[in-house]
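Chemist: any chance you could fold what I've pasted below:
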Amino acid sequence: MEADINILFESDFYRILDFKCRCKSCGESDPEYSESFCISFVRKGNFLFNVFRQSLDSYNGCVLITKPGYERTVTHIHTVPDECSIFDFKPGFYEQLRDQFTHAKFFNDDDLHSTLIKINADTEFLHFEIMRLIGSGYCTKLQTDQLVMELTQTVLKNITDYAPNNRINDRLKKNHLITIERAREYMTRNFSRDVSLTEIAENCYSSPFHFSRLFKTFTGYSPHQFLIGIRLKNAEMLLKSSSLPVADVAFSSGFNSIEHFTTVFKQKYRHPPARFRMENNPA
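Modeler: Below you'll find the predicted structure:
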């Protein structure tokens, strides 16, 4: 297919590619051959990834996982050109992944060439942080490698058999995918502020009531649940990697109350923040 593909970052065992489709009309691409193991985050657009009796409905909030050695086509079903962040792994690392995830049906079934999973706020934030770090120009290989390793493990441990969401039909995607794309990006960029439902909805050119229903339909989360998930992931990363006081971690992650932060953090991680830090960042 016609696309602009740029290498954003390259390390010893992977490359991060920025993929932007240049196709101007709907239709199916010529067959292409997959040469490497890839994890692709769909940022914009909607396309069907067709591979061996499967047609994976890909759009924002989905991660496409593809094994090497298979042929595929892509069907464009949206007027907005597709954009993806592609984590392209080298052969030796793919073999290590197969050894580590021997229990996963995906790696043991030769009929499963690709799969698609929905991501949660944790995974969304890891992807955002990696892309932000690369874009800042101040990233180091070790720092980026660690984030990519965490992202890979988070994605692969959530692999399930693909099943399309029948509630999200073609008309809904055509009319409202851009709303969800704008909302996820806005919340991820502004998680540290005290944003309101009206503010997010207005940024998406929607009413608060209509936006809330749409967001829950597409993501499975309310806007508030999604935002809390992003804030908690940021707090987790700060507790693991910094010596900031717990109060500073809470406030810089968007929480306006230490008590609320401690409660929701313990609900998710089973330990209060200070105990979590002792076990994950002894220094």
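Chemist: quick check: phi and psi at the closest residue to Gly220 other than its chain neighbours.
Modeler: Counting by CB to CB, 6 or more residues apart in numbering, Lys118 is the residue found nearest to Gly220 once chain neighbours are left out, at 7.0 Å. For the C-beta atoms, the positions are set from N, CA and C on the backbone; glycine is no exception. As for Lys118, its main-chain torsions (degrees, to the nearest 10) stand at phi -90, psi 140.
Chemist: what is the burial count for Lys118?
Modeler: With neighbours defined by other CB atoms under 10 Å, the count for Lys118 comes to 14.
Chemist: gap between the helix or strand of the chain with the lowest mean pLDDT and the chain center?
Modeler: Across the helices and strands of the chain, the lowest-confidence element by mean pLDDT, DSSP states H and E is strand 27-28, at a mean of 78. Between the centre of strand 27-28 and the centre of its host chain there is 26 Å, according to CA atoms, centre = their mean, to the nearest Å.
Chemist: cool, stretch 93-109 as well?
Modeler: On the basis of CA atoms, centre = their mean, stretch 93-109 is displaced by 21 Å from the centre of the chain it belongs to.
Chemist: stretch 231-247: how far from the chain's middle?
Modeler: The chain centroid and the centroid of stretch 231-247 are separated by 20 Å under CA atoms, centre = their mean.
Chemist: burial count for Lys20?
Modeler: Summarising burial for Lys20: neighbours were counted as other CB under 10 Å, giving 15.
Chemist: model confidence score at it, please.
Modeler: With respect to pLDDT, Lys20 has a value of 92.
Chemist: domain ranges for the chain, per the record?
Modeler: Following automatic domain parsing, the chain resolves into domains at 3-164, 173-280.
Chemist: hang on, Ser241 packs against Asn280?
Modeler: No: taking contact to mean CB atoms under 8 Å, the distance of 9.4 Å between Ser241 and Asn280 leaves them out of contact.
Chemist: relative to Tyr94, how far out is the residue nearest the centre of the chain?
Modeler: Within the chain, one residue has its C-alpha closest to the average C-alpha position: by CA atoms, centre = their mean, that is Glu124, at 3.8 Å. When distances are taken as CB to CB, to the nearest Å, Glu124 and Tyr94 turn out to be 24 Å apart.
Chemist: would you mind listing the buried residues in stretch 87-96?
Modeler: For stretch 87-96, the buried set under the neighbour-count rule, 16 or more other CB atoms under 10 Å, comprises Phe87, Asp88, Phe89, Phe93, Tyr94.
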